[in-house]
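**Student:** Take a look and give me a structure for this.
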Amino acid sequence: MTSGINSASATADVAVVGAGIIGLSVAMHLVAQGRSVLLIDRKGIALETSAQNAGALAFSDILPLASPRILRQAPRWLLDPLGPLAIRPGYALQMLPWLMRFGMASRPSAYRASLQAQTQLMRLAAPAFHAMLARAKASHMIRQDGSLQVYESDAEFRSSLPGWQLRAEAGIAFEHVKGERLRALQPGLASAIIAGTFVPHWETVSDPFEVASALGRHVMQAGARWRQAEVRSIAVRDGGVELQLAQGSAVRAKQAVIATGAWSRHLAAQLGDAIPLDTERGYNTTLPSGAFDLQRQIIFGAHGFVVTPLSTGIRVGGAVELGGLKLPPNFKRSAHMLEKASRLLPGLRTEGGTQWMGYRPSLPDSLPVIGHARAIRQVVYAFGHGHLGLTQSGATGQLVAELLAGQTPSIALNPFRPDRF
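**Tutor:** Numbers count the residues shown, from 1 in each chain. Here you go, the predicted structure:
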């Protein structure tokens, strides 16, 4: 997918900046409307965070990360530099404004509002994602095995119950399991695991990069154009949008979408929108396919990581490291998660793995930005999905396409507006 427009400038109805899963979904919805689309990315199709995430379609994951529960747990977690939540030394002061907003978003009233907004977005996300993959003839890449969240103590299990009650109120099906039922859902669990919660309608994908690549192929075949370039600046020109590229050339379009994930903040700032976007740096290790007889995605909530069966292997990853975009990876975090996974799944073979680190674009209230730029309605933002980009991609693409067409969005977008901060 490296061929396409090579001229000094190009025209299109819509320039979509960012070819991750969000940008691809936006492009797919736009070409379905008959729009002329130019997709621009500095690396290629899904070569950043969308390449190697955990592969979960977490439509039941409606609980915002910004919550009273996380505020209670965070001090203990932060004592462990390799634990579920860490802030890199030297970055804490830079994170302070973001952390203060996170604290405000974790207040009970703000948490309830974010929960309601997340629930509405997820209700749209599931059918939108399935329709998107059906259009790309990639429905076979969805796995409907459910998920199993496991607990190592009665106290840990009991502490999870308020969250499950909120999911029940939202109509999400689940089953608390113990004993033989637990072991049948996933043989080989460590004896320390005493209970679990099975979510039967939880889905995963065969491999997130395979899914994104299939969407990319469909978008190109449907008529979108592709250009590998870094967008340095964005400005209003003659009633449209002009994108200045690192190579010195420019692209003009009637409208534009900023969907560059963790790299979106500086482009939004050029249009007058100070959006407090930062990153949850996520780590994983992908082991060979035969490393364990994994029946479904296993969620180790107390440790902040998951183990996922993929067509390309078994992926052990998760946790949150707040460290921005410039600090080097700390792959001790990957090794630490792998060591924990081998203790909780005693038969797991840990040799031959490939480590990876990606940047989850994160906003303090755990909700993405979906909406018009303040200074120019020809630009729409679509970023900040945290660890739910794959899950919410179909819904985001549908909503952005509706905004660009001047249609009433399928859900109320006030909770996701760019100026809410």
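**Student:** Report the buried residues of stretch 246-260.
**Tutor:** Residues 249-260 are the ones in stretch 246-260 that count as buried (16 or more other C-beta atoms under 10 Å). C-beta: built from backbone N, CA, C; applies to glycine.
**Student:** Ile299 looks like it's in a helix, true?
**Tutor:** No. Going by DSSP: H, G, I helix; E, B strand; the rest coil, the assignment for Ile299 is strand, not a helix.
**Student:** OK, contacts around Ser25?
**Tutor:** Counting by C-beta atoms under 8 Å, 6 or more residues apart in numbering, Ser25 touches 132, 215, 393-394, 396-398.
**Student:** For it, what are phi and psi?
**Tutor:** Here is the backbone geometry of Ser25 (degrees, to the nearest 10): phi -60, psi -40.
**Student:** same question, Leu82
**Tutor:** Backbone torsions of Leu82, given as degrees, to the nearest 10, read phi -110, psi 10.
**Student:** repeat for Leu310
**Tutor:** phi -120, psi 170.
**Student:** Look up the closest residue to Phe174, ignoring the ones flanking it.
**Tutor:** Distances taken as C-beta to C-beta, 6 or more residues apart in numbering put Val199 closest to Phe174, at 4.9 Å, once the chain neighbours are dropped.
**Student:** let me fix that: Gly318
**Tutor:** Per C-beta to C-beta, 6+ apart, closest to Gly318 is Phe305, 3.5 Å.
**Student:** Tell me which other helices or strands the worst-scoring helix or strand of the chain on mean pLDDT touches.
**Tutor:** When each helix and strand of the chain is scored by mean pLDDT, DSSP states H and E, helix 68-78 comes last, with a mean of 87. Contact analysis of helix 68-78 by 3 or more C-beta pairs under 8 Å, 6 or more residues apart in numbering; DSSP states H and E lists strand 85-87, helix 154-169 as its packing neighbours.
**Student:** Worst mean pLDDT among the ones you listed?
**Tutor:** Averaging pLDDT over each of the helices and strands packed on helix 68-78 singles out strand 85-87 as the lowest, with a mean of 91.
**Student:** Distance from the chain centre to that strand, please.
**Tutor:** Per C-alpha atoms, centre = their mean, to the nearest Å, the displacement of strand 85-87 from the mean C-alpha position of its chain is 18 Å.
**Student:** can you check stretch 411-421 too?
**Tutor:** 18 Å.
**Student:** Also stretch 202-221?
**Tutor:** How far stretch 202-221 lies from its chain's middle: 14 Å, per C-alpha atoms, centre = their mean.
**Student:** list the buried ones in that stretch?
**Tutor:** Neighbour count says stretch 202-221 has 202-216, 218-220 buried, by 16+ other C-beta under 10 Å.
**Student:** swap in stretch 169-184?
**Tutor:** Buried residues in stretch 169-184, defined by neighbour count with 16+ other C-beta under 10 Å: 170, 172, 174, 176-177, 182.
**Student:** Out of those, which sit inside strands?
**Tutor:** Here DSSP state E is the test, and the buried residues of stretch 169-184 give 176-177 as lying in strands.
**Student:** Redo the buried residues of stretch 169-184 as a markdown table? Include distance to Gly318 and pLDDT.
**Tutor:** Below are the buried residues of stretch 169-184 laid out as a markdown table (distance: C-beta to C-beta, whole Å; pLDDT from 0 to 100):
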| residue | distance to Gly318 | pLDDT |
| --- | --- | --- |
| Ala170 | 23 | 96 |
| Ile172 | 21 | 97 |
| Phe174 | 20 | 98 |
| His176 | 22 | 98 |
| Val177 | 22 | 98 |
| Leu182 | 21 | 98 |
